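Enquirer: The sequence and its predicted three-dimensional model are supplied below.
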Amino acid sequence: MARGGAGRIRKVSRKASGMQQPSPDRFLAALASLLPPERLVTEPERLDAYRRDHAELVTPGWPIGAALPIETGEVAAILRLATDYRIPIVPRGAGTGLAGGAAATEGAFIVSLTRMDRLLELDPDDLVAVVQPGLLNGALREAAAAHGLMYAPDPASFEISSLGGNLATNAGGLRCLKYGVTREATLGLEVVLADGRVLRTGGRTVKQAAGYDLTALFVGSEGTLGIITEAILRLRPAPGPAATLVAFFDTLPAAGRAVAAIAAGGVAPAVLELLDRTTLRAVEARTPLGLDTAAAAMLLAQSDAPGAAQQELEAIAAACAAQGGRDIITSRDPREAEWLMAARREALPALERQGVTLLEDVAVPRRRVPDLLAAIEAIAAAHAVVIGTFGHAGDGNLHPTLVFPRGDAAARGRAEAAADAIMAAAVALGGTITGEHGVGLLKRHALPASLDPVALATMHVLKVALDPWGILNPGKAI
Ligand SMILES: Cc1cc2nc3c(=O)[nH]c(=O)nc-3n(C[C@H](O)[C@H](O)[C@H](O)COP(=O)(O)OP(=O)(O)OC[C@H]3O[C@@H](n4cnc5c(N)ncnc54)[C@H](O)[C@@H]3O)c2cc1C
């Protein structure tokens, strides 16, 4: 399958017997008696806003409409009708996804969860929050902070991405190195299944061992198994002020060796991020901070270990110096720390100012980070493409971002070939084609080479069991 085309997706599965043809007109007519006109979008000019996510290379199809439900009962009713009339459904959060997961497929119906955006409960005693899926990650972050608490998963998009999207992609973030990704912060879910039944998983307890872990199954399922309508999320006491370190390197693999050495040395910083020269230059061009743009790479580390932050940073500084790191600076000033974290979060928007971007999301075992960085450099040279690499180096999760001029078909072809080579290199190093963004449409062609075939077949069995008509986000993820 080619990369990124959303218009010609076949239904993933349809029961062989009793097959019914889709009836979009009857589906829309039934919905019109369920939802007020302002929450049922069918006009092309309004629908356009619901067609794309942030994956620029994915060409979306035209949906037949979009709904903006405000409660679980409405989502259930929509899915019951979608099953009755065989209408493919694309669930959608804030549309910041980078793999085309929320991109419209031709003839599909969009269910946008943005109006289900309430914080239902924040319980500082049980350390849980109960949220609707459209609540932005940043809104929960703020609400938790008001109680001296933290919701740990912090994608760089935290101000603009929804918790439902974070759950459906199993989003990671900068401090996930220490505190775990979205799956580790999820205690329970309410999910509407394809046939409209409402399923509840997990609960408010930190430990749960009754039956299969369905919560973990739905987290990261990219809208292909059900629509998440509520979540019980784990909060933690907010850590104390962090100490921050930056170190510059004259070669990319040297920065990678420092990352591997830090991991092997048993140090557990809260943050360990990498920005290469192309990214540093793009960030400086957007917001001048005085970062050393002659360096091949910069590592940015933070420690929030109570009473031991300085000690942790000293160990990290020593590991960096041993690999040729220079201009190693540490700071306890929270404003400086926030500038540096903001600079890191600007990496993608800054690269996007340089041209069209194709962002990869590969992850490898930590000790293979230097090999992955060397492979990325070799691939950039072999395919004559510009690659800005940044990301969660401490997790072994990097975002090599291929940048090419708009409208240059040859450059786009080279970038796509290079992206495929990067994914193949990550798999060869014992890694994966996606650490946190999901497969969506963009990476589906690369999935078979990166998964055990029996595991992939089992995923298809689960998909058919939960969504026998293949109406949920068909063509995405698996
Ligand atoms: C500048 C920038 C920085 C980013 N940084 C990070 C980062 O550090 N870490 C990271 O992991 N990601 C990052 N991302 C990617 C993106 O923000 C995440 O994937 C995010 O989790 C998507 O959330 P969303 O609300 O935008 O979801 P959408 O893009 O709307 O949807 C994403 C997927 O989830 C499904 N979905 C959405 N809501 C539901 C629901 N309620 N039920 C079932 N399925 C649903 C959709 O069908 C789709 O498959 C970044 C993106 C940008 C633009």
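Expert: Okay, I see it.

Enquirer: Let me see the domain layout of this structure.
Expert: 119-237, 243-428 (automatic domain parsing).

Enquirer: What's the mean pLDDT across the longest one?
Expert: Taken as a whole, domain 243-428 carries a mean pLDDT of 95.

Enquirer: helices and strands around the lengthiest helix in the chain, which ones?
Expert: Ranked by number of residues, the top helix in the chain under DSSP state H is helix 409-428. Secondary-structure packing of helix 409-428 (3 or more C-beta pairs under 8 Å, 6 or more residues apart in numbering; DSSP states H and E): strand 356-359, helix 369-383, strand 397-404, helix 447-450. Placement of C-beta: from N, CA and C, glycine included.

Enquirer: Measure how far the helix or strand that the last one is followed by is from the centre of its chain, please.
Expert: Right, the one you point to is helix 447-450. The helix or strand immediately downstream of helix 447-450 is helix 453-466, counting by DSSP states H and E. Between the centre of helix 453-466 and the centre of its host chain there is 22 Å, according to C-alpha atoms, centre = their mean, to the nearest Å.

Enquirer: Could you see whether the ligand lies near helix 453-466?
Expert: No. Judged by C-beta under 6 Å from any ligand atom, helix 453-466 makes no contact with the ligand; its nearest approach is 12.3 Å.

Enquirer: hmm, who's touching that helix?
Expert: 12-13, 193-194, 217, 224-226, 447-448, 451, 470, 478 (C-beta atoms under 8 Å, 6 or more residues apart in numbering).

Enquirer: sorry, back to before: how about the longest helix of the chain: buried residues?
Expert: Within helix 409-428, the residues that qualify as buried are 411-412, 414-416, 418-427, counting by 16 or more other C-beta atoms under 10 Å.

Enquirer: now do stretch 145-152
Expert: Buried residues in stretch 145-152, counted by 16+ other C-beta under 10 Å: Leu149, Met150, Tyr151, Ala152.

Enquirer: how about the last one, secondary structure?
Expert: Following DSSP: H, G, I helix; E, B strand; the rest coil, we place Ala152 in the coil state.

Enquirer: just checking, it touches Arg175?
Expert: Yes. Using C-beta atoms under 8 Å, Ala152 makes contact with Arg175 at a distance of 6.2 Å.

Enquirer: Alpha carbons of stretch 446-457, as CSV, please.
Expert: Listed next in CSV are the C-alpha coordinates belonging to stretch 446-457 (Å, rounded to 0.1, in the frame of the first residue of the first chain):
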residue,chain,number,x,y,z
ALA,A,446,5.7,-0.3,6.9
LEU,A,447,3.8,-2.2,9.6
PRO,A,448,4.1,-5.8,8.4
ALA,A,449,7.9,-5.6,8.4
SER,A,450,7.9,-4.3,12.0
LEU,A,451,5.5,-6.7,13.7
ASP,A,452,5.6,-10.4,14.4
PRO,A,453,3.1,-11.9,11.8
VAL,A,454,1.2,-13.9,14.4
ALA,A,455,0.9,-10.7,16.5
LEU,A,456,-0.5,-8.8,13.5
ALA,A,457,-2.9,-11.7,12.7
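
Enquirer: The residue lying closest to Trp339 once chain neighbours are set aside: helix or strand, and which one exactly?
Expert: Computed as C-beta to C-beta, 6 or more residues apart in numbering, the closest residue to Trp339 that is not its neighbour in sequence is Leu289, at 6.2 Å. Counting by DSSP H and E, no helix or strand carries Leu289.

Enquirer: Please list the residues of this structure that sit near the ligand.
Expert: Selection of the chain residues close to the ligand by C-beta under 6 Å from any ligand atom yields 53-54, 90-98, 101-102, 113, 133, 155-157, 161-162, 164-166, 168-169, 171-173, 222-223, 227-228, 348-349, 436-437, 473, 476.

Enquirer: circling back: would you list the helices and strands packed on helix 409-428 in CSV and tack on distance to Lys207 and mean neighbour count?
Expert: Shown next, in CSV, are the helices and strands packed on helix 409-428 (distance: least, C-beta to C-beta, whole Å; neighbours: other C-beta atoms under 10 Å):
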stretch, distance to Lys207, mean neighbour count
strand 356-359, 37, 22
helix 369-383, 33, 20
strand 397-404, 27, 26
helix 447-450, 32, 14
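
Enquirer: For my notes, confirm Gly324 occurs in a helix.
Expert: No. Remark: Gly324 does not belong to a helix; assigned using three-state DSSP, it is coil.

Enquirer: For it, give its distance to Leu245.
Expert: 16 Å (C-beta to C-beta, to the nearest Å).

Enquirer: Between these two, point out the one with more neighbours.
Expert: Neighbours were counted for Gly324 and for Leu245 using other C-beta atoms under 10 Å; Leu245 has more, 26 against 15.

Enquirer: residues in contact with the residue nearest to Trp339?
Expert: Val283, Trp339, Leu340, Ala343.

Enquirer: Quick check: the gap between the first one and the ligand.
Expert: From Val283 across to the ligand, the span is 12 Å (C-beta to the nearest ligand atom, to the nearest Å).

Enquirer: Equivalent analysis for Thr389, please.
Expert: On the measure of C-beta to the nearest ligand atom, Thr389 and the ligand end up 14 Å apart.

Enquirer: so whichever strand or helix holds that residue versus helix 369-383, what angle?
Expert: Using DSSP H and E, Thr389 sits within strand 386-392. Angle between the axes of strand 386-392 and helix 369-383 is 160 degrees (criterion: axes from the mean of the first three to the mean of the last three C-alpha atoms, to 10 degrees).

Enquirer: Would you confirm that Val191 belongs to a strand?
Expert: Yes. With three-state DSSP as the criterion, Val191 is part of a strand.
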